[in-house]
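[1] below is the structure, and that's it, no one-letter string:
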């Protein structure tokens, strides 16, 4: 049996490439951010985060009326600390003040949205204009307009209660106000969850929104009122690629493939953290949280995502059942292993000229091409493990294989029929709450000099497939 495996392997190395990969020529930095870095600026600097997202709560700036203007809503030190550390600040605008809508709730549809953005009775337009005029000189030139409008009443706490046509009006108002005050600014659509639409059998929010925007006769002249789309993806490794791919497909369908795609929130909150009480969706371990962060980042980059950010840096004032314990840093200041995992992402994935993803039955491979080397990120996508084999011709061992958190293991080359191979075991995914894989198996990272080499994968059933 062992001999048959090696014969099949050698035969595959002689076949033409069978790569089924998505690729992307990487955009310029900043790519890697973290949400709410301002709570722990020293750790954010140690992490290497290049950008931070800060929420600009409208109801905090103007709590009692349109003449209010309380800039303590975003403390000045948040901006100065980020600037000194070289972190770009992205502002997320949300939360309608009680006086500005009929419902009086933070998710209320602002009055006057269907008026011109600069009409005094368009209260949201007036707020955004003043906000951008205030903060553009302080270095804030990137804005996300609201948060998760795809969550509808009855599905949780809706952050925007209006229909998609109302959100289209909100975006139209915000885009024109931002660009008038700061022409070089960048405007992102609100982050969406994907699952609220999918579980309700609704057409994807982005498609419905673009249909509404395209009905506006002035949309084309205003670049359809946005510069990019924003996604939130949590917990499940296997969903990262198709969720991003869906958004890319919708943008292509409307001829908007030039728009940026941001994964502005991703993580897998670890219910099995012995140092914290966490009421999370899945029984994720600390190790699985680390693996998910590396897997999601690798897959997102392979699908052309322009930016990403882990939600979030710190468990600020964590109260079980009230606040969200997603942090790379616990409430007591201790680091979760996922902190090191995201450090690995920033250190090892940044600057790649090309990123390719190739799935194979039972395993996943993402390759990162650099001018002088190739990084291979590998893992099992099944409850059964497998083996990756990389052609190591011209190399001498031992090689160094890293896990998601950066721990190193020496790997001696394996020789068969005079040819050297790097043999990397892909350990099986751990089954937790569901009958299907939530977080894929442990990540293995291997960096080799030169261009990409031939890789094959042998799954638990003994099937040998050329991965690239």
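    That came through, no problem. Keep in mind it's a predicted model, so treat the numbers as computed, not measured.

[2] quick check: domain ranges of the chain?
    According to automatic domain parsing, the chain comprises the domains 2-20+357-466, 27-350.

[3] what residues does the nearest residue to residue 373 once chain neighbours are set aside make contact with?
    With C-beta to C-beta, 6 or more residues apart in numbering as the criterion, residue 373 has its nearest non-adjacent residue at 5.2 Å, and that residue is residue 449. To be clear about C-beta, it is placed using only N, CA and C from the backbone, and glycine gets the same treatment. When contacts are counted by C-beta atoms under 8 Å, 6 or more residues apart in numbering, residue 449 touches 372-374, 395.

[4] next: residue 257.
    With contact set as C-beta under 8 Å, 6+ apart, residue 257 has these partners: 248, 251.

[5] after the lowest-mean-pLDDT helix or strand in the chain comes which helix or strand?
    Sorting the helices and strands of the chain by mean pLDDT, DSSP states H and E puts strand 22-24 at the bottom, at a mean of 38. Taking DSSP states H and E as the definition, the helix or strand that follows strand 22-24 towards the C-terminus is strand 32-35.

[6] roughly how far is that next one from the heart of the chain?
    With C-alpha atoms, centre = their mean, to the nearest Å as the basis, the distance from the averaged C-alpha position of strand 32-35 to the chain average is 9 Å.

[7] what lies in contact with that strand?
    Outside of strand 32-35, the residues within contact range by C-beta under 8 Å, 6+ apart are 44, 47-53, 87-88, 90, 264-265, 297, 307-313, 328, 342, 345-346, 349-350.

[8] list buried members of these by neighbour count.
    The neighbour count (16 or more other C-beta atoms under 10 Å) marks 44, 47, 49-53, 87-88, 90, 264-265, 297, 307-313, 328, 342, 345-346, 349-350 as buried among these.

[9] how about stretch 400-414: buried residues?
    Applying a neighbour-count criterion of 16+ other C-beta under 10 Å, one finds 401-406, 411, 413 buried in stretch 400-414.

[10] show me where the stretch 51-200 of the chain has its helices.
    Along the stretch 51-200 of the chain, the segments classed as helices by DSSP state H, counting those that start in this stretch run 58-61, 76-85, 123-135, 164-181, 195-199.

[11] adding mean pLDDT, write those helices out as a markdown table.
    Conversion of these to a markdown table gives the following (pLDDT from 0 to 100):
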| stretch | mean pLDDT |
| --- | --- |
| helix 58-61 | 98 |
| helix 76-85 | 96 |
| helix 123-135 | 98 |
| helix 164-181 | 98 |
| helix 195-199 | 95 |
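
[12] now render those as a markdown table, adding mean neighbour count and distance to residue 209.
    Putting the helices of the stretch 51-200 of the chain into a markdown table (neighbours: other C-beta atoms under 10 Å; distance: least, C-beta to C-beta, whole Å) gives the following:
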| stretch | mean neighbour count | distance to residue 209 |
| --- | --- | --- |
| helix 58-61 | 20 | 21 |
| helix 76-85 | 15 | 30 |
| helix 123-135 | 22 | 17 |
| helix 164-181 | 23 | 5 |
| helix 195-199 | 16 | 11 |
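
[13] between the ones you listed, which gets nearest to residue 421?
    Closest to residue 421 of the helices of the stretch 51-200 of the chain, according to C-beta to C-beta: helix 195-199, at 40.8 Å.

[14] need the residues that contact the closest one.
    Helix 195-199 has contacts (C-beta under 8 Å, 6+ apart) with 148, 150-152, 155-156, 202-205.

[15] which among the residues you listed end up buried?
    Burial by neighbour count, judged by 16+ other C-beta under 10 Å, picks out 148, 150-152, 204-205 from the contacts of helix 195-199.

[16] among the residues you listed, which has the minimum pLDDT value?
    The member of those with the lowest model confidence is residue 152, at 94 (criterion: pLDDT).

[17] residue contacts, it?
    Taking C-beta under 8 Å, 6+ apart as the contact definition, residue 152 lies against 158, 196, 200.

[18] which one of these is nearest to residue 251?
    Among the contacts of residue 152, residue 196 lies closest to residue 251 (C-beta to C-beta), at 20.1 Å.

[19] just the contacts of strand 32-35: which are in helices?
    When the contacts of strand 32-35 are checked against helices using DSSP state H, the ones located there are 44, 47, 297, 342, 345-346, 349.

[20] any idea which of those is the one closest to residue 240?
    Ranking the ones in helices among the contacts of strand 32-35 by separation from residue 240, with C-beta to C-beta as the measure, puts residue 297 on top at 9.1 Å.

[21] what sits closest to that closest one if chain neighbours are left out?
    residue 345 (4.4 Å).

[22] so which residue is dead centre in this protein?
    To find the centre residue of the chain, average its C-alpha atoms and take the closest one (C-alpha atoms, centre = their mean): that gives residue 263, at 2.9 Å.

[23] residues in contact with the nearest residue to that one once chain neighbours are set aside?
    If the residues on either side of it in the chain are set aside, residue 263 comes closest to residue 308, at 4.2 Å by C-beta to C-beta, 6+ apart. By C-beta under 8 Å, 6+ apart, the residues touching residue 308 are 31-33, 262-264, 266, 296-297, 300-301.

[24] who wins on neighbours among these?
    Taking other C-beta atoms under 10 Å as the neighbour criterion, residue 300 ranks highest of those with 30 neighbours.

[25] give me the element that residue is part of.
    helix 286-302.

[26] quick check: mean pLDDT of that helix?
    98.

[27] buried residues in stretch 247-256?
    247-248, 250-251, 256.

[28] my error: substitute stretch 374-393 in the last question.
    Judged by neighbour count (16+ other C-beta under 10 Å), stretch 374-393 contains these buried residues: 374-382, 385-392.

[29] what's the end-to-end length of that stretch?
    End-to-end distance of stretch 374-393: 14 Å, with C-alpha to C-alpha, to the nearest Å as the criterion.
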